[in-house]
Every structure is written in C-alpha cells, then in structure tokens.
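Undergrad: Here is the input, now give the coordinates:
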Amino acid sequence: ARNGIPDMMALDILNEPAIQENISCRYRKKSIYTFVGPILISVNPYESLDIYGEKAVKKCAQNVDPKEARNTPHLYQIAEAAYKNVLDFKQNQAVLISGESGAGKTEATKVVLHYLTQRAQQVAGKEAGTNAETKGGGAIQQRILDANPVLEAFGNAKTVRNNNSSRFGKLFEVQYDGKGNIVGATLTKYLLEKVRVVVQAPNERNYHIFYQLCAGVSAEEKAAFGLQDVSCYHYASQNQCLTLQGVDDAAEFAIVRQGLDVLGVSDAEKTSMFSVVAAILHLGNLCFMTNESTGECYVDPRSQGYLVWAARLLQVEDNLLEMCLCFRTMCSGRAKASVYRIPLDIEKCLDSRDALAKHLYSLLFDWLVRRINASINNKAETVCTIGVLDIFGFEVFQNNSFEQLCINYANEKLHQQFVHFYFKSEQQLYQDEGIGVSSITFTDNAPCLKLMEQKPVGIFSLLNEQCQMGRGSDETVLETYFKSLESFKDFKKPRLTPQSFIICHYAGDVTYEIDGFMEKNKDSLHMDLSTLISGSQSDFVSELIYDESKPQNRGPRSRSISQAPKNVGQNAKKQKTVTLGQQFQTQVEELMKVLNTCALHYVRCIKPNEEKKSGVTSNTMVLQQLRYSGILDSIRIRRAGFAMNFLYNSDPGEVVLIAREASYWQSEYRGVRDCEVVRANQGLDDKVLTGLLFKALGIEEKYFALGKTRIFFKNQDPYMKFKNAEAKLLYDFAVSIQVERGGAVAERATQCDGWNVGIGGLATELVENG
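TA: Got it, this is the predicted structure:
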C-alpha cells in the first residue's frame with residue numbers, strides 16, 4: 001500500500017526489504033508506530049506530534065473494535081492491553097521497551113507511564129463518582145510521574161546520538177489494587193554508566209545534574225557549595241559541550257527540585273545531595289605534583305582550594321583526603337599485623353581521584369533510587385503490577401569495553417526470552433486453531449549465553465577468578481580466555497587486534513578491547529578512601545558507603561585514617577569482594593524471574609537516522625536495528641510455520657464472502673450448478689467452504705491450513721494465487737454484468753473497494769431486482 005500497512009504481518013511479501021520500506025513509508029507520513037504481529041515498532045519522530053493527551057487516552061480506552069485497533073498502532077494500545085489484563089485477569093504485566101541510544105526509549109517509557117496514570121484516574125473517577133483525587137490516588141500517581149525528571153537529571157546525559165540519553169536501565173513496576181487503582185510503584189535500576197562522571201567522549205556531556213546545579217542554585221547556595229561557572233570544572237567541560245539547544249538548565253533544575261519535593265525529600269536531604277554533586281566537581285579539578293626529594297606525590301598548590309572545598313562538602317579532613325588520594329595502606333604478615341603506606345605516582349593519584357568521584361556518584365544514585373522507592377512503594381496493597389522496562393539495546397561501537405559486554409549479555413538474555421515467548425505464542429495460536437505444526441525451528445542463542453555465563457569456565461567466571469587472585473591483569477585475563485574458551489564456537493581470536501577477543505552474538509560479531517576489564521569489574525574503592533568517607537561527619541555521606549540492605553555491615557565510625565589497616569585485614573579475611581559482573585548477572589537473573597511471571601508486551605524503538613531529522617530514514621540503520629531488536633527473528637519464526645494468517649471474514653481475505661459470491665456467479669451466469677463450490681454454499685461452514693474454493697483454485701494443501709477461525713498461508717505464493725483469482729473473478733463479473741444489465745451497474749462494481757461493498761452488494765441487488 002502507498003501509505004504503508006499498519007500491521008506488517010499483512011504484507012504480501014514478508015522479508016527484510018519489504019519491512020524496511022513499509023516502516024520508511026509510514027514514517028514519511030508521520031505514522032511512527034507499526035505492528036509486527038504482537039510487537040509494536042516505534043520510530044523516533046524527532047518532532048512533537050499531536051497524537052497524545054487526554055482525548056487520545058479516552059479514545060483508546062473506549063475503542064472496543066479489535067480491527068480498528070490493529071489499523072491504528074499506538075503506544076497507548078500496548079499500555080491499554082496491559083491495563084485491561086490487569087482489570088480482567090489480575091495478572092502481572094510487563095511492557096518491554098528497548099532500542100539503541102537515540103531511538104526514543106526514554107520518551108516511550110514516559111508515554112506509557114502517563115497513559116497508565118491517566119487511565120487509572122479515569123477508572124478511579126468512575127468508581128468514586130468524581131475525580132481520582134478523592135481516593136488519594138492522584139498523589140501517588142503524581143509522585144510516579146515526578147520521579148522521571150529527577151531520574152533523568154541524575155541518570156541521563158547528552159551523547160552524540162541523543163541529547164537526553166538514559167545511561168542506565170530501569171524497571172518501573174506500577175502497583176495496582178484489585179480494582180485497577182494505582183496504589184504505588186517500585187523502581188529497579190541496572191548498570192549506571194559510572195565512567196561518564198570522570199570522562200566523556202567528544203561532543204558529549206556529563207550527567208545533566210552537574211550543569212543544572214551550576215545554573216540553577218541561588219547565589220547563597222552557590223556560595224555554600226563553592227561553585228563557579230560550570231565551564232571551570234574539568235569533569236563537566238572536557239569537550240566544551242556545556243549547553244543543549246532548546247534546553248534551559250536552570251529551569252530544568254527547578255523541575256528537579258519540585259520533583260524531589262513531591263517525592264518527600266526534605267530540604268536537608270536535598271542540600272546533602274547537592275553537596276555531594278558539588279564535591280565531585282571540585283574533586284575533578286585536583287592536580288598532583290611529585291616531591292623530588294622523597295618521590296611522594298601531593299596535591300598541586302594551585303588546586304589546593306578545590307581540595308578544601310571537596311573535603312568541606314564531604315565533611316572530612318582535607319589533609320586526610322589528600323593522604324588517601326596519594327597513598328595506599330597495605331597490610332601483611334600474620335593477622336595483617338604489619339602496616340605500611342605505599343606512595344602513589346601521579347597517574348595512580350589521578351586514578352584514585354576518579355575512582356572516588358565515580359564511587360560517590362554511584363552511591364548517591366543508589367540512595368536516590370532507594371529514596372524514590374520509599375516514597376512510592378506500597379507492596380502491602382498490591383494485587384498485581386505493570387512493569388515498564390526501559391533497557392539499553394544491543395551495542396557495537398568502534399571500541400567496545402566491559403560496559404558493552406554487560407549490556408550485550410543482558411540483551412542476549414532478553415533476546416532468548418523474546419524468541420521463546422514469540423515461539424510459544426505461535427505454537428499456542430496453532431494449538432488453539434487446531435493446526436498441527438511440528439517442523440518449526442529457530443536459532444537459539446543458548447551457546448552464546450553458555451560462553452558468557454557458564455561456571456567455572458565462561459567469560460564472566462574467568463574474569464571474576466582473575467579479580468579474586470589479586471595479581472591478575474587484563475593481559476592474564478585475555479590469555480586465560482584464549483586458553484580456556486577455544487572450544488566455544490561463538491568465541492574467536494582476532495587476527496589484527498591482539499589485545500581483544502570476539503563474541504559471536506545473535507545480532508552479529510562484536511570485538512571487545514580487554515583494556516580496563518579488570519579494574520571495571522572490580523568496581524571497588526580502596527579501603528583508605530572507603531574508610532575516610534564512612535567516617536564523614538555528615539550522616540548522609542557516611543551512610544552512602546554502606547549497603548542499606550545489610551545493616552549488619554554497619555559498625556562504629558572511624559574518625560582517623562590510622563585505624564583503617566586493622567579493619568582492612570579483618571574484612572579481607574571474612575568476605576570476598578562481589579564484582580560488578582557478578583552483581584549485574586544477579587540483577588539480570590532477577591529480571592528474568594520477574595518477566596517470567598508476567599504477560600509480556602514488546603515495544604521496539606528505532607532510530608531512523610544519525611542526523612536527528614524528522615521524516616528521513618536510513619535504510620542501513622533501520623535494517624541493522626531490526627536485526628538487533630529480534631524483529632527479523634520473529635518473522636523467521638512466523639515464516640517457519642505459516643507466514644500469513646487471516647480471519648475468515650476480515651480484510652484482506654474476505655475468503656468466505658468471495659467463495660459464496662463465486663458460487664452465485666458460476667450458478668447464475670455460467671450454469672455450472674454441479675460445481676463443488678456451488679454445493680459448498682448449501683449449508684456448509686466457513687472452513688469447508690474455503691477448503692473447496694482453494695481446491696477449485698488448484699492451491700495444494702501443503703501450502704495452506706484451515707483453522708477454527710483463521711486461514712493460514714505457508715508463504716505469499718498461494719495467497720497471491722488466491723488474490724489473483726479474486727481480481728479475475730471481480731473483472732469477469734463486472735464484464736458479465738455489463739453485458740446482462742448495462743454499463744452503469746458495471747461501473748459501480750469496478751469502483752467498489754472489496755467484495756463486501758462491491759460484489760456482495762451488487763449480487764443482492766441483482767437477485768432482488770431480477
């Protein structure tokens with residue numbers, strides 16, 4: 001169709017070029033949503049579209065025509081399907097939104113959450129006979145919505161692909177009572193990109209909050225935090241990318257403040273939060289020098305002021321902070337009795353500075369997530385939930401590191417779950433329709449997952465082993481990989497890049513640079529700095545360092561760094577460090593458990609072009625993302641069974657109507673009264689009638705199947721044979737009518753769109769009028 005088809009499973013030809021062209025065609029017409037069976041494709045419009053809001057919500061909620069719903073794809077329909085299941089079946093739901101950076105995942109998540117809150121308000125209003133506020137639901141719904149700008153400030157940043165790129169994954173589970181009212185929500189975050197705090201790629205910014213804080217605080221607060229213009233800070237101005245077009249950072253900061261107020265964050269807590277953010281900015285400006293006589297490093301006197309401000313805001317002693325950045329305490333001997341300090345060189349001092357900044361920001365973000373949950377979680381009244389998962393898509397860059405390994409591992413797990421879900425849904429459809437299909441196969445990515453997660457010989461387990469050894473390095477990790485993983489077909493040793501390895505993912509081969517794997521996986525702050533921060537005079541700062549879920553970890557605060565070595569030795573003996581890879585694997589496993597209890601709804605976000613232009617698509621980019629998102633795999637599964645299926649009495653088939661009109665035409669105008677198709681019209685059901693028609697058309701049984709309510713075609717060939725017969729029958733009928741009844745009626749027949757209006761109506765007219 002010239003305007004594109006709303007559900008691509010109805011395409012006459014179901015292959016990569018056809019799908020790509022259909023998406024592009026609809027996108028040019030500003031139709032950014034398209035179905036692929038149960039999956040919704042959402043293409044970033046790069047402009048505001050008037051397709052949302054209260055009226056659109058009501059229209060979607062009131063639509064009871066499934067055919068109209070399939071012809072008007074929208075994110076609201078995915079959200080409505082989930083909400084109806086909550087109302088009707090009290091079953092947990094999950095909307096999975098994925099795609100690469102810049103594809104529109106963050107906005108899609110907000111659209112779904114906005115729909116769910118407005119829809120619940122409608123239901124609550126009807127129940128109360130007034131508006132939802134009378135039930136107290138409006139407050140919790142507002143908190144859920146206001147959590148978004150707060151999370152975006154601390155977790156989103158400008159990248160080369162997107163001005164508001166989410167640098168963490170999140171699962172928002174909206175909680176409902178038994179009547180469809182929202183009673184609360186919970187938030188789970190996945191893999192915050194900590195490295196961005198200290199270094200950004202060209203043309204990228206740090207997290208929004210750094211720029212918002214410098215632009216939005218009052219003069220008194222700026223003085224209290226020791227803040228200057230954001231351009232003065234290394235962590236925020238490395239690329240001189242300080243502002244965003246069309247964005248007022250000061251105004252955004254006011255929105256963040258308001259959101260924190262709604263979430264119940266106190267003024268004291270906000271001050272403490274902003275103090276940590278400001279301290280990180282000051283830390284980034286620390287430079288170091290070497291004492292030529294002793295060989296020990298110290299903070300450059302020119303950056304001593306930043307040291308004082310960082311220490312003041314963290315409420316620790318500035319001389320102890322300097323010592324912890326420039327020295328590392330080591331313990332040896334029995335019971336770790338021997339204690340000595342090792343001076344660090346300038347590079348190691350800078351590494352300590354950056355490690356502290358990253359760790360503080362990560363702890364602050366974790367605290368923020370806990371604080372949001374404390375404000376909105378209401379597990380006691382929860383009957384079921386709708387989870388909205390905004391997760392990073394498959395990533396492959398010119399240089400891929402540990403972060404991409406974790407992200408692509410998560411996508412491998414989600415892809416396996418998606419393929420199994422889609423495979424099972426296809427099998428269920430065939431079972432419900434009474435069709436036996438036993439030959440469907442699909443490419444399983446289990447071997448790749450085994451390579452990554454198998455214990456004790458797998459990508460993550462071998463890396464963790466090297467981290468626990470203490471003397472491991474990136475080079476020894478790589479050597480271990482090459483020695484231990486050569487039997488895995490999805491693992492390759494590159495020829496041209498020796499300090500790397502290749503994993504054959506479902507979406508394609510990815511080369512990973514081993515540099516930094518060990519340090520990133522350890523994800524630890526050396527004990528001197530950890531002890532210093534936990535001994536802060538600020539309750540807020542000191543408690544950031546503790547795991548809130550393990551109160552037994554809390555002990556007396558240490559005011560002096562000299563007390564650290566004894567504690568270090570004791571802790572080292574009692575517990576092993578949990579690596580970032582282990583943490584992330586556990587999180588992904590927990591996510592899979594949650595999803596396995598839910599009815600699933602999929603949204604695949606597509607970035608149409610690199611230039612961020614509306615109405616323009618890059619065929620190569622779109623096709624690549626279709627592969628990464630699993631859309632093409634879902635189509636392969638469909639084609640392995642029956643690529644196309646239609647209801648007996650729905651567009652584009654209208655098969656039964658065609659069969660009956662064919663029998664009428666043959667009997668009235670050709671005298672073929674003993675034809676099988678004519679006999680089929682004598683009280684036979686749709687299934688038998690359709691089978692006889694296909695037999696008369698010469699379509700072999702192996703190319704189609706007849707279910708209880710649907711017709712299934714193996715591929716487009718038998719379907720096109722049927723459509724050609726339909727067209728010929730329409731033409732022959734029109735010509736014969738012209739001969740028998742005159743040109744006027746024939747002209748009406750050729751102008752009618754489809755049998756229901758055209759041939760069916762004319763046949764009735766001819767019978768009635770003789």
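
Undergrad: And the helices in the stretch 51-200 of the chain?
TA: With helices called from DSSP state H, counting those that start in this stretch, the stretch 51-200 of the chain shows them at 54-62, 66-71, 75-89, 105-128, 137-155.

Undergrad: Would you mind putting these into TSV with mean pLDDT, mean neighbour count and distance to E426 alongside?
TA: Where you see a C-beta, it was placed from the backbone N, CA and C, and this is true even at glycine. What follows is the helices of the stretch 51-200 of the chain, written out as TSV (pLDDT from 0 to 100; neighbours: other Cβ atoms under 10 Å; distance: least, Cβ to Cβ, whole Å):
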stretch	mean pLDDT	mean neighbour count	distance to E426
helix 54-62	93	14	27
helix 66-71	78	13	17
helix 75-89	95	20	18
helix 105-128	89	21	25
helix 137-155	92	21	35
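
Undergrad: With distance to D444 as extra columns, can I get those in JSON lines?
TA: JSON lines is the format used below for those (distance: least, Cβ to Cβ, whole Å):
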{"stretch": "helix 54-62", "distance to D444": "36"}
{"stretch": "helix 66-71", "distance to D444": "30"}
{"stretch": "helix 75-89", "distance to D444": "27"}
{"stretch": "helix 105-128", "distance to D444": "26"}
{"stretch": "helix 137-155", "distance to D444": "33"}
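
Undergrad: Relative to I407, which of those helices is closest?
TA: helix 105-128 (13.1 Å; Cβ to Cβ).

Undergrad: what number of residues lie near Y235?
TA: A total of 23 residues lie near Y235 under the criterion other Cβ atoms under 10 Å.

Undergrad: what about it, distance to L263?
TA: 26 Å (Cβ to Cβ, to the nearest Å).

Undergrad: One more: A279?
TA: Distance from A279 to L263, by Cβ to Cβ: 23 Å.

Undergrad: neighbour count winner among the two?
TA: A279 (25 against 19).

Undergrad: residue ranges with poor pLDDT in the stretch 251-400 of the chain?
TA: Scanning the stretch 251-400 of the chain for pLDDT under 70 picks out the ranges 333-337.

Undergrad: What segments of it are strands?
TA: 288-290, 297-299, 327-332, 338-343, 384-392 (DSSP state E, counting those that start in this stretch).

Undergrad: So which other helices or strands are in contact with the longest one?
TA: Which is strand 384-392. Other elements packing on strand 384-392 under the criterion 3 or more Cβ pairs under 8 Å, 6 or more residues apart in numbering; DSSP states H and E are helix 75-89, strand 93-99, helix 105-128, strand 169-176, helix 402-432, helix 580-595.

Undergrad: what mean pLDDT does the fourth one have?
TA: In this model, strand 169-176 carries a mean pLDDT of 96.

Undergrad: same for that strand, what does it pack against?
TA: helix 105-128, helix 137-155, strand 182-190, strand 384-392, helix 580-595.

Undergrad: Specify the angle between it and helix 75-89 in degrees.
TA: 50 degrees (axes from the mean of the first three to the mean of the last three Cα atoms, to 10 degrees).

Undergrad: What segments of the stretch 601-750 of the chain are strands?
TA: 644-647, 704-706, 710-713.

Undergrad: Take those and lay them out in CSV including mean neighbour count.
TA: Formatted as CSV, the strands of the stretch 601-750 of the chain follow (neighbours: other Cβ atoms under 10 Å):
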stretch, mean neighbour count
strand 644-647, 20
strand 704-706, 21
strand 710-713, 22
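
Undergrad: Please identify which of the ones you listed is closest to V160.
TA: The nearest among the strands of the stretch 601-750 of the chain, by Cβ to Cβ, is strand 644-647 at 40.4 Å.

Undergrad: partner strands of the closest one, parallel or antiparallel?
TA: strand 710-713 (antiparallel) (DSSP bridges).

Undergrad: that older thread, can you add distance to F288 and give the helices and strands packed on strand 384-392 back as a markdown table?
TA: Shown next, in a markdown table, are the helices and strands packed on strand 384-392 (distance: least, Cβ to Cβ, whole Å):
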| stretch | distance to F288 |
| --- | --- |
| helix 75-89 | 51 |
| strand 93-99 | 42 |
| helix 105-128 | 38 |
| strand 169-176 | 35 |
| helix 402-432 | 26 |
| helix 580-595 | 27 |
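
Undergrad: hang on, A69 packs against Q77?
TA: Yes: the criterion here is Cβ atoms under 8 Å, and A69 meets it with Q77 at 5.7 Å.

Undergrad: Any idea which of the helices and strands packed on strand 384-392 gets closest to R710?
TA: It's helix 402-432; of the helices and strands packed on strand 384-392, that one is closest to R710 (Cβ to Cβ) at 8.1 Å.

Undergrad: What residues sit buried inside that closest one?
TA: Of the residues in helix 402-432, those buried by neighbour count under the rule 16 or more other Cβ atoms under 10 Å are 402-419, 421-423, 426, 429-430.

Undergrad: now for that helix, which elements pack on it?
TA: strand 93-99, strand 384-392, helix 446-453, strand 500-505, strand 508-513, helix 517-522, helix 580-595, helix 631-640.

Undergrad: Can I get those in TSV including mean neighbour count and distance to D686?
TA: Shown next, in TSV, are the helices and strands packed on helix 402-432 (neighbours: other Cβ atoms under 10 Å; distance: least, Cβ to Cβ, whole Å):
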stretch	mean neighbour count	distance to D686
strand 93-99	25	33
strand 384-392	25	37
helix 446-453	18	41
strand 500-505	19	45
strand 508-513	17	45
helix 517-522	20	61
helix 580-595	17	38
helix 631-640	20	23
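
Undergrad: Can you check what pLDDT the model gives V160?
TA: The model's pLDDT for V160 equals 88.

Undergrad: What about it, how many residues nearby?
TA: Neighbours around V160, by other Cβ under 10 Å: 14.

Undergrad: Was I right to think it contacts R205?
TA: No: contact criterion Cβ under 8 Å: V160 and R205 do not qualify, at 10.5 Å.
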